[in-house]
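*Asks:* Pasting the sequence and the predicted model now:
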Amino acid sequence: MSLLHWLHDQVRGKYLYITGTSVLGGDVGIAGRTTQGTVTTFGAADATPTVAAGNLFKTGGADTVTDFDDGIVGQTIRIIAAHAYTVTDGAPIILNGSANFVMAAADTLTLTMFDDQVWQEVSRMVNL
């Protein structure tokens, strides 16, 4: 019996939590609801906030960001603006249209690190 079959039998009808650095290989299926953890608020006046805490973030006190610290290749981050917030297009952050994204409250931005230390825009939502 494979580990995943054993886990399935053990957690049927229950929650399964995988924490820390976990790697699943081969075909992995997920049925039902999934969550990505808690929403972390970026620190005040930090133009290069850390994204080591996860994948879901809310803007903090800074007005402009030029990079995100502590990301890893393959990581996708989603950011919701709590206030006016500018994400600067440049070498560490590649945005659609090669232009800064001036976010208003409730706008969202999704970035993925495909190459080491380079974030690329995957999508954005402008909530007028």
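*Replies:* Happy to help now that I have it.

*Asks:* So S123: helix, strand or coil?
*Replies:* In three-state terms, and counting by DSSP: H, G, I helix; E, B strand; the rest coil, S123 is strand.

*Asks:* okay, now it: neighbour count?
*Replies:* The number of residues packed near S123 is 11, by other CB atoms under 10 Å. (Glycine included, C-beta is placed from N, CA and C.)

*Asks:* and what of D69?
*Replies:* 12.

*Asks:* Looks like it contacts V51 (just checking).
*Replies:* Yes - the pair D69 and V51 qualifies as a contact (CB atoms under 8 Å) at a distance of 7.0 Å.

*Asks:* Which residue or residues pair with the residue positioned nearest the centre of the chain through a beta bridge?
*Replies:* The centre of the chain sits closest to I77, judged by CA atoms, centre = their mean, with a distance of 1.5 Å. I77 forms beta bridges with L111, as assigned by DSSP bridges.

*Asks:* How much space separates it from R124?
*Replies:* 13 Å (CB to CB, to the nearest Å).

*Asks:* Could you name every residue contacting both of these two?
*Replies:* T110 (CB atoms under 8 Å, 6 or more residues apart in numbering).

*Asks:* was I right about V122 contacting M113?
*Replies:* No - using CB under 8 Å, V122 and M113 do not qualify as a contacting pair, with a distance of 10.6 Å.

*Asks:* where along this protein do the helices fall?
*Replies:* 3-11 (DSSP state H).

*Asks:* Tell me where the model's unsure across it.
*Replies:* 1-36 (pLDDT under 70).

*Asks:* Could you check how many residues crowd around D70?
*Replies:* 11.

*Asks:* ugh, wrong one, L111
*Replies:* Residues lying near L111 (other CB under 10 Å) number 24.

*Asks:* so it makes contact with R124?
*Replies:* No - judged on CB under 8 Å, L111 makes no contact with R124 at a distance of 9.5 Å.

*Asks:* Quick one: the strands in the protein, in order.
*Replies:* Along the chain, the segments classed as strands by DSSP state E run 40-41, 56-58, 64-65, 76-80, 85-87, 93-94, 101-103, 108-115, 118-125.
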